[in-house]
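# Let's see this in three dimensions:
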Amino acid sequence: MSDPVPPETSPTDPPTPPPAEKTEKQLKREAEKRAKKEAEAAKKAAKLEARQIRGASSGAAITVGVVPHPPVDLEPPSGTRDFYPEDMRLQRWLFDKFRAIGDACGFEEYDAPVLERQELYKRKAGEEITSQMYAFVDQEGHEVTLRPEMTPSLARMVLGRAQSHVLPLKWYSVPQCWRFETTQRGRKREHYQWNMDVVGCPSINAEVELLYAICAFFTSIGITSKDIGIKINSRKVMASVLKAMGVSDDAFAPVCVVMDKFDKIGAAATEEELVSTQGLDAATAKKIVSCLQCATVDDLTALCGDGVDTGGVDELKKLFELADAYGFGDWLVFDASVVRGLAYYTGVVFEGFDRAGELRAICGGGRYDRLLSLYGAVSEVPAVGFGFGDCVVVELLKDKARSISHWSPYDGVRVGILPSLPKKIDFVVAAFNPSMQGAAMKTASLMRAGGAKVDLLLEPKKKVTATFDYANRVGARYIVFVAPAEWEKGEVRVKDLRLGEDVDDALKQVDVAVKDLGRVHDVLDAWALSKEMAARATVSDEKTEN
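Reported below is the predicted structural model:
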């Protein structure tokens, strides 16, 4: 029996509509997803190819052999990271920058447990954060979670010692946070976040101080206002606008969650979601989206008329005025679409953005005057703060590293956007042979007691070249040989590895007394000075002879 012949399309049938064209943002996201999958596949293939069983041979570096298909997955869980030593050097550099700005602005560092009670986050309505928690019940029956953010912990700590704190408080932290959300470039499920908060200052001056700190940090790593901008808006102003449109106080927070998606999903999708999920009529949704597209505070005031909170408008204008006076006004732009997704914000909100459009929000924050009263404060406590994730900053640095280099007034040196951070150590101490290992250990101990950073060679090499190879591999500036001849005289030999083979041994090595090892840096500085003076004297003598 032959297959049935499909009926021919009638000329009168309506033509099949062409597929809807995808927006530029949708095409970009699809391309990013494909690139991410391809990169991950290539990375796994490269790692698998690199795993081969190798043993140690005479004079060769010792490596670990791994079978092609190990019995456990060697990759970290999805959305998390391993930090190898080179990664830790970058992390320490970045965190030091965070802390330097916090300290320079007179803030104090604090921390809290990474494990918190779920109730700390469930008391805030209108947020998706509660669905993103790594939550579980512990063995004592308590509902706990890995903290998804730090601000509630700060509020708990402030109230925990409420009677002993003198306001305002200026605190900062660099905590690890966890959110089970879709991973993407610059956003992972596990991340560290630089937080700075001011508790107890009701004026706009607190927001300005925090915005200064953000701009100062960017400047310290070589980023300028041409690279990054900070969008400014006011939840207080938007609350008054929405109230004038008939949005109730209870509906304000969930409506803001939808409004916060405007930059990601566009005007039409925002209107549709305001209608479908928040129950607003189409006309109201359209007017809200029109407000989000206002370019200036005056534009928003003109569009919404008497419905705008004039106090909130005055705060915004004062903020821009003070930012100009502080010297960072060129970083700021008004953007009515920025409302931030967290329900506890009550006033000015802000969000750092990549002017190139390659990355999502770089940082964000705002005023949260009502949060502490949710946790037990008898009245509202003014508070404002921001969060700054480490992942997105590193991605930003990678993007800018290709073509940008700036002068950093904080370091006083020329810095690249992505720093070169090789392994470094002051000294490698090496025993001449196994019988001198005890003397080498004593040498290392005396030097470390004086503040030197010392890598002790654990097993003496059979060849001197292998010892030098090790010292170069670990980034040593000097190598200290502990040999019988010098040790019997109460000395060790120190060699400067920066000087090449064409330099006389007398100019690149010196014997240092064991009793002086506790101040070895001073001894070497004096030695370098004596060489410099001798060189100058030689030049002077030659000029005199001529």
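# Could you pull up the residues touching residue 245?
284, 287-288, 307 (C-beta atoms under 8 Å, 6 or more residues apart in numbering). Quick note: C-beta positions are derived from backbone N, CA and C, even for glycine.
# wait, which of these is closest to residue 362?
residue 288 (25.7 Å; C-beta to C-beta).
# Around that closest one, how many other residues sit close by?
As a burial measure, residue 288 scores 24 neighbours (other C-beta atoms under 10 Å).
# Could you check how far the nearest residue to it once chain neighbours are set aside is from residue 284?
Nearest residue to residue 288, sequence neighbours excluded (C-beta to C-beta, 6 or more residues apart in numbering): residue 274, at 6.3 Å. Using C-beta to C-beta, to the nearest Å, residue 274 is found at 8 Å from residue 284.
# neighbour count winner among the two?
A count of neighbours by other C-beta under 10 Å puts residue 274 above the other of residue 274 and residue 284, at 22 against 19.
# right, and the more buried one touches residue 258 too?
Yes - Residue 274 is within contact range of residue 258, at 5.5 Å (criterion: C-beta atoms under 8 Å).
# need the helix or strand of the chain with the lowest average pLDDT.
Within the chain, no helix or strand scores below strand 413-416, which has a mean of 41 by mean pLDDT, DSSP states H and E.
# could you point out which element follows it?
Once the chain leaves strand 413-416, the next helix or strand it forms, by DSSP states H and E, is strand 425-431.
# in that following strand, what's buried?
Going by neighbour count (16 or more other C-beta atoms under 10 Å), the buried part of strand 425-431 is 426-431.
# re the thing from before, include pLDDT and secondary structure when you put the contacts of residue 245 into TSV, please.
Listed next are the contacts of residue 245 as TSV, based on pLDDT from 0 to 100; DSSP: H, G, I helix; E, B strand; the rest coil:
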residue	pLDDT	secondary structure
284	88	helix
287	86	helix
288	87	helix
307	71	helix
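# which of those residues lies closest to residue 98?
Among the contacts of residue 245, residue 288 lies closest to residue 98 (C-beta to C-beta), at 36.2 Å.
# can I assume the closest one is in contact with residue 242?
Yes - the pair residue 288 / residue 242 is scored as a contact, 7.0 Å apart, by C-beta under 8 Å.
# tell me, what residue is most central in the protein?
residue 390 (1.5 Å; C-alpha atoms, centre = their mean).
# Relative to residue 83, how far out is it?
Applying C-beta to C-beta to residue 390 and residue 83 gives a distance of 11 Å.
# if I look at those two, which residues touch both of them?
Residues touching both residue 390 and residue 83 by C-beta under 8 Å, 6+ apart: residue 91.
# so how far is stretch 119-136 off the chain centroid?
23 Å (C-alpha atoms, centre = their mean, to the nearest Å).
# please begin residue numbering at 462 from this point
Understood, numbering begins at 462; the last thing we discussed is stretch 580-597.
# Which residues does it contact?
Residues from elsewhere that reach stretch 580-597, judged by C-beta under 8 Å, 6+ apart: 579, 604-607, 609-610, 613-614, 617, 639-642, 714-715, 717-718, 802-805, 832, 835-836.
# Could you tell me which ranges of the protein sit under the pLDDT cut-off?
462-483, 486-487, 505-522, 584-588, 802-803, 862-877, 998-1007 (pLDDT under 70).
# Dump the buried residues of strand 886-892 into CSV; add distance to residue 846 as well.
Shown next, in CSV, are those (distance: C-beta to C-beta, whole Å):
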residue, distance to residue 846
887, 39
888, 43
889, 45
890, 47
891, 51
892, 54
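# thinking again about what came up before, kindly provide the distance from the residue nearest to the centre of the chain to residue 804.
From residue 851 to residue 804 the distance is 25 Å (C-beta to C-beta).
# Please apply the same query to residue 759.
28 Å.
# Could you do residue 582 as well?
11 Å.
# For the residue nearest to the centre of the chain, give me its contacts.
Listed by C-beta under 8 Å, 6+ apart, the contact set of residue 851 reads 552, 555-556, 652-655.
# same question, residue 888
Residues in contact with residue 888 (C-beta under 8 Å, 6+ apart) are 908, 913-916, 937-941, 955, 981.
# 6 Å instead?
Residues near residue 888 by C-beta atoms under 6 Å, 6 or more residues apart in numbering: 913, 915, 939, 941.
# ok, back up a step: among the contacts of stretch 580-597, which are located in helices?
613-614, 617, 714-715, 717-718, 832, 835 (DSSP state H).
# Quick one: buried ones out of those residues?
Buried members of these, counted by 16+ other C-beta under 10 Å: 613-614, 617, 714-715, 717-718, 832.
# Just the closest of the residues you listed to residue 946, please.
Using C-beta to C-beta, residue 614 comes nearest to residue 946 of these, at 60.6 Å.
# Residue 746 versus the closest one, what's the distance?
Separation of residue 614 from residue 746 (C-beta to C-beta): 36 Å.
# Over to residue 488?
Distance from residue 488 to residue 746, counting by C-beta to C-beta: 26 Å.
# Which one's more surrounded, the two?
Between residue 488 and residue 746, residue 746 has the larger neighbour count (other C-beta under 10 Å), namely 21 against 11.
# Would you check that that one makes contact with residue 736?
Yes - counting by C-beta atoms under 6 Å, residue 746 does reach residue 736; the two are 5.1 Å apart.
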